[in-house]
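# Structure for the following, please:
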Amino acid sequence: MSPRLLVLAVIPLFAAATASAQAPGEMAPTAPLPPAQPAPSVMDHRWAIGLGVGSLGLAPEGNPDAKIEFSIGQLSVRYRATRQLELELAFAGGRQQLDNGQDGDLAVASGTLGARYRFMPESAWNWWLMAGLGGTTVARHDATKQERDDASRGHGVLGAGLERRFERFALQVEARMIRVGDKQQTDAAPAPAVVMPGTTGGVPQPPMTTTTAVGAQTGGSITIGASYYF
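As a prediction, this is how the structure comes out:
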């Protein structure tokens, strides 16, 4: 038999042996796929620090025409307890702004412990409602620590905000309504010395105290800011 005829006879035998070695419907083995990576979640980074700027207006309750405007800055630290619930500690402060654009004599400072309930927390665009309690101080910008402490009053806030998140970085805008409670404020003034008969000097007297009722104030604020999640 010639070599050419031998090759033609061997090829069909080899093909038949290969077909019989592989069962019908069986596919050649392939490399295993890598395990699927979990999608990023807001729970991966629960802490956030935020900075914001904005304005705050306060007026005596029932007299909105007597509103005082402040330009404020805000620092906040937040912790995400669940996907939708965040706890927040925020501090804000700034100077009074007059109609002519200059700084007034008053300054405001506040601290608030609040909670946010977020809607669509995993979405790049999400919004929230918030509520909180804290304290607000309105006093002269050069007041002493004691004067600021005496002027401090409790407050309650309600608000809503909108956030655009880019992984760990986010931009936000928030509006709040605030009510600052009333307070009985006591002021002390030196009393005139009493001159006793037969003496040339006066006898010091205890300070004279007067109690003034400081009425409640209502108002609102709006801030824009940025947050970093870690």
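# May I have the secondary structure class of the residue nearest the centre of the chain?
Nearest to the mean C-alpha position of the chain, by CA atoms, centre = their mean, lies Ser76 at 4.9 Å. Assigned with DSSP: H, G, I helix; E, B strand; the rest coil, Ser76 falls in the strand class.
# Show me the beta-bridge partners of the residue lying closest to it once chain neighbours are set aside.
Closest residue to Ser76 apart from its sequence neighbours, by CB to CB, 6 or more residues apart in numbering: Ala90 at 3.9 Å. Bear in mind the C-beta positions are built from the backbone N, C-alpha and C, glycine included. When assigned by DSSP bridges, Ala90 has beta-bridge partners Ser76, Thr112.
# Repeat that for Gly159.
Met130, Arg176.
# How many residues are close by it?
The tally of other residues near Gly159 (other CB atoms under 10 Å) stands at 21.
# One more: the one 3 residues further on?
Other residues near Leu162 come to 13 when the count uses other CB under 10 Å.
# Over to Val108?
Other residues near Val108 come to 22 when the count uses other CB under 10 Å.
# what's the pLDDT at it?
Looking at Val108, its pLDDT stands at 98.
# same deal with the one 4 residues further on?
At Thr112 the predicted local confidence, pLDDT, stands at 98.
# circling back: in contact with the residue nearest to Ser76, which residues?
74-77, 111-112, 114, 132 (CB atoms under 8 Å, 6 or more residues apart in numbering).
# I'd like to know how far it sits from Leu129.
In this structure, Ala90 and Leu129 are 15 Å apart, going by CB to CB, to the nearest Å.
# and if you look at Leu75?
For Leu75, the distance to Leu129 (CB to CB) stands at 21 Å.
# Val157 too?
According to CB to CB, Val157 stands 11 Å off from Leu129.
# for Leu158, same thing?
8 Å.
# And for Phe119?
Phe119 is 8 Å from Leu129, where distance means CB to CB.
# the more surrounded of the two?
Leu129 (13 against 10).
# So that one sits against Gly114, correct?
No. Leu129 is beyond contact range of Gly114, at 10.5 Å (criterion: CB atoms under 8 Å).
# shared neighbours of those two, anything?
Counting by CB under 8 Å, 6+ apart, Leu129 and Gly114 have no common neighbour.
# follow-up on the earlier one: closest to Phe169 out of the contacts of Ala90?
Of all those, Phe169 sits closest to Ser76, with 15.1 Å by CB to CB.
# Verify the stated contact: the closest one with Trp47.
No. With contact defined as CB under 8 Å, Ser76 does not count as touching Trp47 (11.3 Å).
# remind me which residues of the chain are low pLDDT?
In the predicted model, the chain carries pLDDT under 70 at residues 1-31, 36, 185-213.
# any idea where the strands of it begin and end?
47-60, 68-80, 85-97, 103-119, 125-140, 152-166, 169-180, 183-189, 194-195, 202-203, 208-214, 217-229 (DSSP state E).
# With distance to Pro34 as extra columns, can I get the ones you listed in CSV?
Output for these, formatted as CSV (distance: least, CB to CB, whole Å):
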stretch, distance to Pro34
strand 47-60, 31
strand 68-80, 30
strand 85-97, 34
strand 103-119, 33
strand 125-140, 31
strand 152-166, 27
strand 169-180, 29
strand 183-189, 64
strand 194-195, 93
strand 202-203, 92
strand 208-214, 67
strand 217-229, 27
